[in-house]
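Student: A predicted structure for the sequence below; I have some questions about it.
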Amino acid sequence: MGYREIYQEDNENAAERFELVKERICQAAAQPETKEQFADYFQKTAQFILLTAEVLKMCQDGQLQQRTIEQCEQLNRQLYEDILPQGDAGDTGYAHSYANPSYAVSRLGEEFGGPLCFLYAELRALTAYAFEGRVADMTILMELFGEIYTCFCDALGTSGKEIRRILYWHFHDYSEVMVTQSVREGIDPRLDFFTDIVMYADLNSLTYLYRYGEYISENERKTAQYLLSLPEEQIQAMADTFTEGYRIGFEVTNKDLSKKKTVSIHYAIGFERVIRKAVENFAKMGLSAAVFRDAVSSMGSRGHGKRGCYSLSANRQFDFDHRNDNAYYLDKAFVERRLEVLRDAYETYKDLAAVYGGPAVLEVFGEEPFAPVQKKEAASYDEKQQQLIVYYANQSGQITNQYIRGEERSFTIIAYPVPAIGPDYEKIFAQTVKLNTLDYMLYRNIQQHLIDVLDKAQRVHITGKGANRTDLYVSIWQLAQPDKQTAFENCVADVNIPVGEVFTSPVLKGTSGVLHVTGVYLNELYYKDLELVFTDGMVTGYTCANFADEAQCRRYVRENVLMQHDTLPMGEFAIGTNTTAYRMAKDFQIADKLPILIAEKTGPHFAVGDTCYSHAEDTAVYNPDGKEIMPKDNELTRIRKEDASKAYFNCHTDITIPYDELDRITAILPDGQEIDVICDGKFVVPGTEELNQPLESENICIC
């Protein structure tokens, strides 16, 4: 049974309702029966809905797979032109779109502009549903539009309060359907819409890219074309690196992969040739692939990074403007209902959850850093909603871990560039492939020299240089049996690819000072002069210089780094050793475009949020030298068995200081003796000298 059969009954039951609401929408598209102020909105929105209905008909008739490349491109433009940064004509594109909160409010007024803008953004999910043939889901959204349209057709008019009430109850009423579907998509390989494209489409014809229903740009087209030019053995090698990292992740953490039957694969459209090989590799391990679509609804929390199957954003400002859209219906009752439904969904699919092994993630990088515009018209959380966001993340994390246990799952993550990175794309891609396959043993041995020094430390002092204001002390776990125990993990190339870091979970008490970086790109957002102040391991101050208004700067950091929390602990301190990656970034001038996955290996980094061992603290983990890694928790996570709600934060964001902004990293021993690990941005521990070659010379790779 595949996704068509799974959705068949719901689709058949919704067919009559679909036709009825479609008739009503046809009337709105032809001649809206509203006041003139709102006619343009409802007419254009209705026309968009009918376009997606045409896509659904093409899906049902099998026409989507029969289109020429010209037909594919034309339909893709029609579906997305309204949110593109610049349209083909002067009056189209996001500046003049009802998806733009500023434009919507200017045309529809403050009372109605926000809610109708939110509605339009939500209706854009119809594109995804149409390509997947999900009639029932389309019908639900179309009926929401029809109900609100009818309110505006009333001769007596309507109110913003009434429109908000309708939106509120829509999401409360359908939360069970949406949450249950979301849970199932991540763990059930029978929902095979995406794997069907990956495994059976003709990848030599780029028309396959347009079968997803996602926005397809030059990045997706050129990525697919470039991968087609690579020899089969190189594609296989890329897939092998990816899937072996996943397998080794289970091995090094003493977890039994043989108990698992499913892996979720996350990838950017255009990489299907690699993903096909990866699916085959996983099948040999006894794992079936589950793939889901990146969030298309506010119920999936758009705007905080992409997961599942996705294309690069049609417009990152659109994503940013709508990242808090669930503010229109988020309250205590909704959160409690959603948690209840989440638990019920996992209970329904508990057998699937028990054999789910975790995600295998292929990320991409290379877009220009995005510095968003803060719009007062965009939806935002009030103080109670911010608290509810934190509460939901905590409670949902605990529920998920009951069914997909942290001590039994693993993951892997790897990254490749996209053509947006510039004219040196192919060279950067080739260099990235080398990065992802650097000599495992060489780095393991070099990193052990660092660990031998760091294991002696009571605390570590990190200072920046030049414009970097970092001055920070990190407290280190004290070992009871140094001959059998270690405080740092020797991280090579398994779950986090590429190779290159040693890391620990800091002791919070005594971890204090200022962490500063002049520029950093986190979760697809750019930060200028990001600064965090720590006191006993907890964030006690934060700001950036993205905006002239200090309040806006703090809000930006709170929402997107602290993830709405009042404070977060330092969950990780690490020293990246991949100076080859750093050299690549310098040579091609792409440091601001590197993903966290690679950037964290190019200098010391500090994570705010949970530790790297979240929900798996009681699983024994050992370094290659046989020593057990001791600091898998901290003062907060130790209360996990008494009150898990206070132990975990369900986020982990790495912030890296690049070598050229780094002065010193000094290990301070219990007797006060100081041993430099890095001095003036260079490694000085005996046995690590080879790491400095890429820092000092042009185009040198440690292989």
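Tutor: Structure's in. What do you need?

Student: CA only for contacts and neighbour counts going forward, please
Tutor: Fine.

Student: who's in contact with stretch 623-630?
Tutor: With contact meaning Cα atoms under 8 Å, 6 or more residues apart in numbering, stretch 623-630 is reached by 477, 479, 483-490, 620-622.

Student: can you put the residues you listed in JSON lines and add pLDDT and distance to residue 646?
Tutor: Putting those into JSON lines (pLDDT from 0 to 100; distance: Cα to Cα, whole Å) gives the following:
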{"residue": "477", "pLDDT": "97", "distance to residue 646": "21"}
{"residue": "479", "pLDDT": "96", "distance to residue 646": "26"}
{"residue": "483", "pLDDT": "95", "distance to residue 646": "34"}
{"residue": "484", "pLDDT": "96", "distance to residue 646": "31"}
{"residue": "485", "pLDDT": "97", "distance to residue 646": "28"}
{"residue": "486", "pLDDT": "97", "distance to residue 646": "27"}
{"residue": "487", "pLDDT": "97", "distance to residue 646": "24"}
{"residue": "488", "pLDDT": "96", "distance to residue 646": "25"}
{"residue": "489", "pLDDT": "94", "distance to residue 646": "25"}
{"residue": "490", "pLDDT": "93", "distance to residue 646": "29"}
{"residue": "620", "pLDDT": "87", "distance to residue 646": "23"}
{"residue": "621", "pLDDT": "87", "distance to residue 646": "24"}
{"residue": "622", "pLDDT": "90", "distance to residue 646": "28"}
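
Student: can you give me the helices for the stretch 51-200 of the chain?
Tutor: Under the criterion DSSP state H, counting those that start in this stretch, helices of the stretch 51-200 of the chain are mapped to 69-80, 101-108, 110-123, 125-132, 135-153, 160-173, 175-187, 193-200.

Student: Touching stretch 261-270 from outside, list them.
Tutor: When contacts are defined by Cα under 8 Å, 6+ apart, stretch 261-270 is touched by residues 186-189, 209, 220-224, 275, 282, 286-292, 307-312, 355-364.

Student: picking up where we left off before, residue 251: which of the helices of the stretch 51-200 of the chain is closest?
Tutor: Closest to residue 251 of those is helix 175-187 (Cα to Cα; 21.7 Å).

Student: Give the buried residues for that closest one.
Tutor: Neighbour-count burial for helix 175-187 flags 175, 176, 178, 179, 180, 182, 183, 184, 185, 186, 187 (criterion: 16 or more other Cα atoms under 10 Å).

Student: Could you do stretch 507-520 as well?
Tutor: 507-508, 510-520.

Student: which residues touch it?
Tutor: Contacts of stretch 507-520 (Cα under 8 Å, 6+ apart): 467-477, 526-538, 569-570, 592, 634-635, 655-657, 661.

Student: Swap in 7 Å and give it another go.
Tutor: With Cα atoms under 7 Å, 6 or more residues apart in numbering as the test, stretch 507-520 has contacts from 468-477, 526-537, 592, 634-635, 657.

Student: Any of these buried? List them.
Tutor: Among the contacts of stretch 507-520, those classed as buried by 16+ other Cα under 10 Å are 468-477, 526-537, 592, 634, 657.

Student: Is it possible to get CSV of the buried residues of stretch 507-520 that adds distance to residue 615?
Tutor: Output for the buried residues of stretch 507-520, formatted as CSV (distance: Cα to Cα, whole Å):
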residue, distance to residue 615
507, 18
508, 18
510, 24
511, 23
512, 25
513, 28
514, 28
515, 27
516, 29
517, 30
518, 33
519, 32
520, 28
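
Student: out of these, which are inside strands?
Tutor: Assignment to strands by DSSP state E places the following of the buried residues of stretch 507-520 there: 507-508, 510-520.

Student: the longest helix in this protein is where?
Tutor: Ranked by residue count under DSSP state H, the longest helix found in the chain is helix 3-30.

Student: Show me what counts as buried in that one.
Tutor: 3-4, 7, 11, 14, 17-18, 21-22, 24-26, 28-29.

Student: Please name every helix or strand in contact with that helix.
Tutor: In this structure, helix 3-30 makes packing contacts with helix 36-61, helix 135-153, judged by 3 or more Cα pairs under 7 Å, 6 or more residues apart in numbering; DSSP states H and E.

Student: Now do it: distance to the chain's middle.
Tutor: Mean C-alpha position of helix 3-30 versus that of the full chain (Cα atoms, centre = their mean, to the nearest Å) differs by 32 Å.

Student: before we move on, what about stretch 164-183?
Tutor: 23 Å.

Student: With just CA atoms, put stretch 582-602 into PDB.
Tutor: Taking Å, rounded to 0.1, in the frame of the first residue of the first chain, the C-alpha atoms of stretch 582-602 are listed here in PDB:
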ATOM      1  CA  TYR A 582      38.500  27.100   7.000                       C
ATOM      2  CA  ARG A 583      41.000  27.400   4.100                       C
ATOM      3  CA  MET A 584      38.300  26.600   1.600                       C
ATOM      4  CA  ALA A 585      36.100  29.300   3.100                       C
ATOM      5  CA  LYS A 586      38.900  31.800   2.800                       C
ATOM      6  CA  ASP A 587      40.100  30.900  -0.700                       C
ATOM      7  CA  PHE A 588      36.600  31.100  -2.100                       C
ATOM      8  CA  GLN A 589      35.400  33.900   0.200                       C
ATOM      9  CA  ILE A 590      32.400  31.900   1.400                       C
ATOM     10  CA  ALA A 591      32.800  31.900   5.100                       C
ATOM     11  CA  ASP A 592      29.500  33.700   5.500                       C
ATOM     12  CA  LYS A 593      27.800  31.000   3.400                       C
ATOM     13  CA  LEU A 594      29.000  27.900   5.300                       C
ATOM     14  CA  PRO A 595      26.300  25.900   7.100                       C
ATOM     15  CA  ILE A 596      26.700  25.400  10.900                       C
ATOM     16  CA  LEU A 597      27.700  21.800  10.200                       C
ATOM     17  CA  ILE A 598      30.900  22.900   8.500                       C
ATOM     18  CA  ALA A 599      31.400  26.300  10.200                       C
ATOM     19  CA  GLU A 600      31.500  24.600  13.600                       C
ATOM     20  CA  LYS A 601      34.600  22.700  12.500                       C
ATOM     21  CA  THR A 602      36.400  25.900  11.600                       C
END
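
Student: contact partners of it?
Tutor: Residues from elsewhere that reach stretch 582-602, judged by Cα under 7 Å, 6+ apart: 365-369, 498, 500-501, 520-522, 576-579, 581, 654, 656, 658-659, 694-695, 699.
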